[in-house]
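A.B. asks: sharing a sequence plus its predicted fold:
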Amino acid sequence: MHIHKEKATPSTGLMAKDSASPVSGSVGAEKMGRGKIEIKRIENTTNRQVTFCKRRNGLLKKAYELSVLCDAEVALIVFSSRGRLYEYSNNSVKATIERYKKANSDTSNTGTVAEITAQHYQQESAKLRQHITNLQNSNRTIVGDSIATMSHRDLKQLEARLDKGLGKIRARKNELLCAEIEYMQRREMELQNDNLYLKSKVAESERGQQTMNTMGAASTSEYEQSVVHYDPTNFLQLFMQQPQYYSQQQRDRKAFDSDER
């Protein structure tokens, strides 16, 4: 039998339970909304394939949720009736199987589940400690604490790493500098626009003030033209001539009175 191996990924959008699907030969009562089927082999090939796809996706989804929510190591292997392989594992199917074999063999001998779990965590902690030690050694090498014990080849490799790091630092520095220059240019343009706007407002205000001054001067000149200007000397002469006028009038009156008599 030829096996088609396919890596299945869980789909979070599929339902774990399948809805009511027609099953020939199934004995069971159907309810409103959802249907219940009897758990036995489905005789109809099409219905059996549809049910397999739905149940398989639901099983993969549950395995994925279990691995994520509970931080569990899960491996799932499913063979269809046609011989196609579907598998899911959050770590590795082979690694999980080897771990299962080892745990099964240890349990069958003398070990217990607690001892197996403790041994697993000890191995994980040893790996983490080794990783931390490697990082610390790498940091000491970069800062130059262990240069005296390094060979010529190690020094060349360190120099290349430092050059690469300096290149990244310079590139990032240039990016920040260009961004800052661009910001300053935009800011300068904004200030120039604000300055032009203020100048236009000042010029408009000055034009308005000049217009008001012109209108005030015109009204003042019209008022001055409407006022009659008197010369003080002419007024004094007129005042001095008034007695002569009245004296002549009195003489004429006396002459007229004498003629009547």
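C.D. replies: Alright, I've got the coordinates.

A.B. asks: rest of the way, CA atoms for contacts and neighbours
C.D. replies: Fine.

A.B. asks: stretch 115-134: which residues count as buried?
C.D. replies: Of the residues in stretch 115-134, those scored as buried under the neighbour-count criterion (16 or more other CA atoms under 10 Å) are Ile116.

A.B. asks: CA atoms of that stretch as CSV?
C.D. replies: As requested, C-alpha coordinates have been extracted for stretch 115-134 and formatted as CSV (Å, rounded to 0.1, in the frame of the first residue of the first chain):
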residue,chain,number,x,y,z
GLU,A,115,11.5,10.5,37.9
ILE,A,116,11.1,10.7,34.1
THR,A,117,9.8,14.2,34.3
ALA,A,118,12.6,15.3,36.7
GLN,A,119,15.2,13.8,34.4
HIS,A,120,13.7,15.6,31.4
TYR,A,121,13.8,19.0,33.2
GLN,A,122,17.4,18.3,34.3
GLN,A,123,18.4,17.8,30.7
GLU,A,124,16.6,21.0,29.7
SER,A,125,18.3,23.0,32.5
ALA,A,126,21.7,21.6,31.5
LYS,A,127,21.1,22.7,27.9
LEU,A,128,20.1,26.2,29.1
ARG,A,129,23.2,26.5,31.4
GLN,A,130,25.4,25.5,28.5
HIS,A,131,23.8,28.1,26.3
ILE,A,132,24.3,30.7,28.9
THR,A,133,27.9,29.8,29.3
ASN,A,134,28.4,30.1,25.5
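
A.B. asks: tell me the domain ranges of the protein?
C.D. replies: Structural domains annotated on the chain: 4-92, 152-194, as defined by automatic domain parsing.

A.B. asks: and the helix or strand Tyr183 falls within, average pLDDT?
C.D. replies: Of the helices and strands defined by DSSP states H and E, Tyr183 is found in helix 152-226. Across helix 152-226, pLDDT averages out at 86.
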